[in-house]
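Sequence and predicted model, in that order:
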Amino acid sequence: MKKIDGHLHLVRTIAGLNGKGRLNALGGGKAIWDDGTVIQLIPQGSGEDSFTAEAALQLMGGADVEKAVLLQGSLNGYQNYYSYQMVKKYPERFIAAFSVDPFADNAMTIVKRQVEELGFRAIKFEISQGGGLHGYHSEKPFRLDTDAKVGEIFHYLADYPGFTVTVDYGSSDQVSYQPEAIANLAARYPLMDFVVCHLSFPSVDHLNRLKAALELFKPFSNIYTDLSAIQDIVGERDFPYPNCQKVLKVAKEILGTKRLIWGTDSPWSATFNSYDDLASWLAASGRLTDEELADVLYNNAERVYFKKSAVQAAAEADDPVLLFDEAQREDK
C-alpha cells in the first residue's frame, strides 16, 4: 500500500539548537550537543554528517513510501532553504514546511520571504521545552494563541486560506504543552489546517491525559495529529509496538482515522527502530481496515499537505535573490 511520510526531516548541514546548546557533527551519523550529550542522529548507512534528499529517497523506496512532508525542527536546525531546493528538484516526491523563531528581529521578513518568494504553504512551530523554542526562550514562556509576536504571523497567514500549521508542543510535563491553544487557533482560523505532532506526546500510563487533549480537538475538523515518533515517546522497540497500538486505539475512537497522519520523524527515529518497521507497523497491527490504512498512510497527508494550492505555489516559486545574483554574474 502506498504511503506518504507525513513527518520527515532533511539535514543538509547539522545545525541543531536547543536547551543543550548547539549540535555539532561527529561523523558516522553521530553528533554532540554543547553540554556533552552524544546522539546517533542519522541511521547507519544514510549519511556521515548529513541526511540528504537522496538518502531519504533510498529509505522511502524500500518501504513503498511515495512522497514525504519535509518539516523543520530545532534538533537538526532549520533546513528551510535546503527543503525549498529539494521540493524544486523532486516536486513529485516532496512538499515542505518552513520554520522561524518568532522572536527574531527579522521574523516577519523571514516569514514573508518563505511564503511569497519560496512558495511555502505550511509552517512548523516546534515550541517544545525539551527540544524547541521553549528550551532557549525559557525566560519567557509563551502561548501560540495569545503571544503578540506569534499573532503577527497568524494574522499574515490568514491571507492564505488552506495554509497548514504544524505544531510540536512537547510533553505534558513541559511548560510548552498547550493543546488548548490549538483548539483556540482552529476556531479562530477555520480556513487553516492544524497538525499536532506525535499524537500529543502520549503516555500509556496516562491515557486519560491523551483523551483530554484529543477531546479538545474533536469538535474541529481542521485539527489533525500525526503518529510520528510515538515509538520513541513510549520507549518501544518491540514490533509491532503493542503500546503504540493502545494509544492508536484511543486516537481512532476519539478523532477517527480521517484525522490521523502517519509519519516517522526520520532520520533520528530511524536510529531507534528501522525505517521499514516504522513504515509497516500500522498494517502489521491489524487495528485498521484497508480503507482506514489508506487514509492514515496516504490520503490524509495528501489532503492536508499536498493541496493543489500548495503544490502550485511550490512549482511557481523562483528565488528572486538567486535570479538577481545570476543576472549580476551574466552582466559581468
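Yes, it's here.

so who does the closest residue to residue 22 other than its chain neighbours touch?
Counting by C-beta to C-beta, 6 or more residues apart in numbering, residue 34 is the residue found nearest to residue 22 once chain neighbours are left out, at 5.2 Å. In this view, the C-beta of every residue, glycine as well, is placed from N, C-alpha and C. Neighbouring residues of residue 34 by C-beta atoms under 8 Å, 6 or more residues apart in numbering: 20-22, 24.

any idea what sits nearest the residue nearest the centre of the chain, other than its immediate chain neighbours?
By C-alpha atoms, centre = their mean, the chain has its centre lying nearest to residue 71, at 4.1 Å. The shortest distance from residue 71 to any non-neighbouring residue, by C-beta to C-beta, 6+ apart, is to residue 124 (4.8 Å).

was I right about the one you found contacting residue 72?
Yes - if you go by C-beta atoms under 8 Å, residue 124 and residue 72 touch, sitting 5.0 Å apart.

re the thing from before, for the residue nearest to residue 22, give its distance to residue 133.
As judged by C-beta to C-beta, to the nearest Å, residue 34 and residue 133 stand 17 Å apart.

Now do stretch 24-36, average pLDDT.
Across stretch 24-36, pLDDT averages out at 97.

hang on, I meant stretch 198-214
Rounded mean pLDDT across stretch 198-214 is 98.

Go ahead and measure how far it is from the middle of the chain.
With C-alpha atoms, centre = their mean, to the nearest Å as the basis, stretch 198-214 stands 19 Å off its chain's centre.

Repeat that for stretch 267-276.
Worked out by C-alpha atoms, centre = their mean, stretch 267-276 lies 15 Å from the chain centre.

Which residues does that stretch contact?
9, 11, 29, 39-43, 46-47, 51, 55-56, 59-60, 62-63, 75, 228-229, 231-232, 237, 239, 264, 266, 278.

Would you write a PyMOL line that selects the buried entries of those?
Selection command for PyMOL covering only the buried members of the contacts of stretch 267-276, criterion 16 or more other C-beta atoms under 10 Å:
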select buried, resi 9+11+29+39+41+42+43+46+47+51+55+56+59+60+63+75+228+229+231+232+239+264+266+278
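
circling back to that earlier point, which residues lie in contact with the residue nearest to the centre of the chain in this structure?
7-9, 96-97, 99, 124, 166.

So which of the residues you listed belong to strands?
7-8, 96, 124, 166 (DSSP state E).

one step back: now do the residue nearest to residue 71 against residue 98, distance only.
On the measure of C-beta to C-beta, residue 124 and residue 98 end up 7 Å apart.

Return every residue with contacts to both of those two.
With C-beta under 8 Å, 6+ apart, residue 124 and residue 98 have common neighbours residue 72.

between the two, which one's more packed in?
For the pair residue 124 and residue 98, the greater number of neighbours falls to residue 124 (28 against 24), based on other C-beta atoms under 10 Å.

is that one in a bridge, and if so with what?
residue 166 (DSSP bridges).

Let me know the pLDDT of it.
pLDDT at residue 124 comes out at 98.

repeat for the one 4 residues further on
The confidence metric pLDDT takes the value 97 at residue 128.

That one contacts residue 175, doesn't it?
No - counting by C-beta under 8 Å, residue 128 does not reach residue 175; the two are 9.6 Å apart.

who has more neighbours, those two?
Higher neighbour count among residue 128 and residue 175: residue 128, with 27 against 15, using other C-beta under 10 Å.

dump the residue contacts of the closest residue in space to the more buried one that isn't next to it in sequence.
Nearest residue to residue 128 in three dimensions, chain neighbours excluded: residue 170, at 3.0 Å (C-beta to C-beta, 6+ apart). By C-beta under 8 Å, 6+ apart, residue 170 lies in contact with 127-132, 134, 176-177, 201.

quick one, what contacts residue 81?
When contacts are counted by C-beta under 8 Å, 6+ apart, residue 81 touches residue 118.

would it count as being in a strand?
No - going by DSSP: H, G, I helix; E, B strand; the rest coil, the assignment for residue 81 is helix, not a strand.

any idea how far it is from residue 87?
In terms of C-beta to C-beta, residue 81 sits 11 Å off from residue 87.

Then residue 60?
Per C-beta to C-beta, residue 60 is found 15 Å from residue 87.
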